[in-house]
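S.K.: quick one, what's the 3D model for this:
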Amino acid sequence: MRLFLYLSVCVSVTVAQVCNGYAELCDRKWSNISQIGTHDSAFVGDLPTQNQNIDVTAQLNAGVRFLQAQTHYFLKTLTLCHTSCFELDAGPAVDYLSDIKKWLDANPNEVVTLLLTNGDYVPVGNFSAVMEASGLANYAYTPPHQLAIDEWPTLQEMITAGDRLVMFLDYDANTNVAPYILPEFSYFFETAYDVTTSTFPTCALDRPGGSNGDGLLPLINHYLDVDILGILIPDRSAAATTNAATGVGSIGAQADLCTTTWGRPPRVMLLDYFDTGKLKSSILSIKSQT
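M.R.: Residues are numbered from 1 along each chain as shown. Sure thing, here's the model as predicted:
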């Protein structure tokens, strides 16, 4: 199998309809699109604990359509914090969600996927409350049941229906309470996170435990950490290599490895400093020939 990888900035094109920047994606199922996502998308700046260079609105403007963010429950508020709110507090989750909602308001042909982590295992009602307060819940897609990979709607169908946000929670989702907040590991498996080996030599399943990956979409944690006196921090200095299209330790190399390992391409590759390196936008299109 040969893989061709490219990233393209979303641009205006003279066609009747585009979906997530491409006319050819309109008829593709949500589950049949491979894309780059921003890991810890809310942590922006130059500090060692920050993972992105530009804020979430700028990430979306650059073409990112998969956002991941880390939450904790702090002072009775769902908050965007890195490991601990005493380490890095990026503010209330409702503000971050409001920014995504405003962007969707202004971009009617786009479908965004959001993965939140539930670091303190708080009840899902805390998440639905801020989704509703931000207005983002109005865009959320609610599946009729737990979907198999081939049961997802196309991007065009989601856009037409106004269901332009797909939301996942890693732990303690409950679709009986919040039917649009989907349990991540019912739909995805992940490779190991906090990788410190720059070659990314494996694509082994890390979570959910006990799974063989069947029926799940591959999510690849392709961001590099460095160990400083026992503390793992993002390796900003290596981002140009880690985020390259080709070469040892690159996006392309790990995408090829994962495709060989699993017999299907990755559907999400999470990056730190996604705009660093030669690949400066967001949608990872993987075309395969058998």
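S.K.: quick one, helices of the stretch 1-150 of the chain?
M.R.: With DSSP state H, counting those that start in this stretch as the criterion, the stretch 1-150 of the chain has helices at 56-61, 93-106, 125-134.
S.K.: ok, residues contacting the first one?
M.R.: With CB atoms under 8 Å, 6 or more residues apart in numbering as the test, helix 56-61 has contacts from 38, 41-42, 44, 52, 67, 96, 99-100, 102-103, 107, 110, 112, 274, 282. C-beta coordinates here come from the backbone N, C-alpha and C atoms, glycine included.
S.K.: make it 6 Å
M.R.: Applying CB atoms under 6 Å, 6 or more residues apart in numbering, the contact partners of helix 56-61 are 38, 41, 99, 103.
S.K.: ditto for stretch 135-151
M.R.: 31, 97, 100-101, 104, 131, 163-167, 179-180, 186.
S.K.: returning to that earlier point: closest one of the contacts of helix 56-61 to residue 253?
M.R.: residue 38 (20.2 Å; CB to CB).
S.K.: and the closest one, what does it touch?
M.R.: Applying CB under 6 Å, 6+ apart, we find residue 38 in contact with 52, 59, 64, 67, 274.
S.K.: for these, give me JSON lines that also has distance to residue 86.
M.R.: Formatted as JSON lines, the contacts of residue 38 follow (distance: CB to CB, whole Å):
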{"residue": "52", "distance to residue 86": "21"}
{"residue": "59", "distance to residue 86": "26"}
{"residue": "64", "distance to residue 86": "28"}
{"residue": "67", "distance to residue 86": "24"}
{"residue": "274", "distance to residue 86": "27"}
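S.K.: in strands only, show me the residues you listed.
M.R.: Counting by DSSP state E, these place residue 67 in strands.
S.K.: ok, and the most crowded of the contacts of residue 38?
M.R.: residue 274 (30 neighbours; other CB atoms under 10 Å).
S.K.: any idea of the pLDDT on that residue?
M.R.: Residue 274 is assigned 95 on the pLDDT scale.
S.K.: residues contacting it?
M.R.: Contacts of residue 274 (CB under 6 Å, 6+ apart): residue 38.
S.K.: much appreciated, bye for now.
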